[in-house]
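J.: I'd like to go over a predicted model; first the sequence, then the structure.
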Amino acid sequence: MADKEYTYQDVAEHNTKKDLFVVIHDKVYDCTKFVDEHPGGEEVLLDVGGQDATEAFEDVGHSDEARETLEPLLVGALKRKAGDPAPKAVPSAMSPSANTSSAGMGTAMYAIVFVGGLAAFGAYQYMQSQQAKQA
Ligand code: HEM
């Protein structure tokens, strides 16, 4: 069974809780029996059911134990056809794109702090001027 070849189209048919395949690193796994036992919950597995779950799986940083859990679930290999999506790149923490997005967040945070600071400064000035009038 484990040497069977599946196309994306074949895998996509197994996307329900009762019949759940995922692709991880171009291998096809049948998670139907595992979905209830997944420590990360069934929802995340159902989300990637019938699809390439490589990125989702790697993003979590699953342990070696989790990788061993995968082995008995293996049912075959993914057979790519022309026009299929390319293998999912696994983003590493060091990759430039990861850095760019976190830098983007950082800039947004600074902007919020800056605008907040300006508002506080304005309020302070206003209060000072009100007090000056009273004196
Ligand atoms: C069939 C594939 C998968 C297997 C065999 C698997 C297995 C496991 C195992 C054994 C753990 C416990 C922690 C560890 O050992 O790393 C775990 C945790 C987790 N998994 Fe998966 N997983 C799979 C797919 C996924 C996918 C596709 C996601 C999508 C995001 C995911 C999300 C999580 C999360 C968020 C946790 C952490 C739960 C917590 O610490 O509270 N898993 N998984």
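T.: Thanks, I have it.

J.: strands of the chain, start to end?
T.: Per DSSP state E, the chain has strands spanning 4-6, 15-16, 19-24, 27-30, 74-78. These are given in chain order.

J.: my guess is Tyr8 contacts Asp84. True?
T.: Yes - Tyr8 is in contact with Asp84 according to CB atoms under 8 Å; the separation is 5.2 Å. All C-beta atoms are positioned from the backbone trio N, CA, C, and that covers glycine.

J.: more neighbours: those two, which one.
T.: With neighbours defined as other CB atoms under 10 Å, Tyr8 and Asp84 compare such that Tyr8 has more, 17 against 13.

J.: and the residue nearest the centre of the protein?
T.: Ala56 (4.6 Å; CA atoms, centre = their mean).

J.: hang on, that residue packs against Val44?
T.: Yes - contact criterion CB under 8 Å: Ala56 and Val44 qualify, at 6.8 Å.

J.: interface residues of the protein facing the ligand?
T.: 22, 29, 31, 34, 38-40, 44-45, 48, 53, 56-57, 60, 62-63, 65-66, 69-70 (CB under 6 Å from any ligand atom).

J.: show me where pLDDT drops low in this structure?
T.: 1, 88-107, 109, 135 (pLDDT under 70).

J.: nearest residue to the closest residue to the ligand within the chain in space, please, no chain neighbours.
T.: Relative to the ligand, the nearest point of the chain is Gly40 (2.4 Å; CB to the nearest ligand atom). Nearest in space to Gly40, with sequence neighbours left out and distances taken as CB to CB, 6 or more residues apart in numbering, is Val60 at 6.6 Å.
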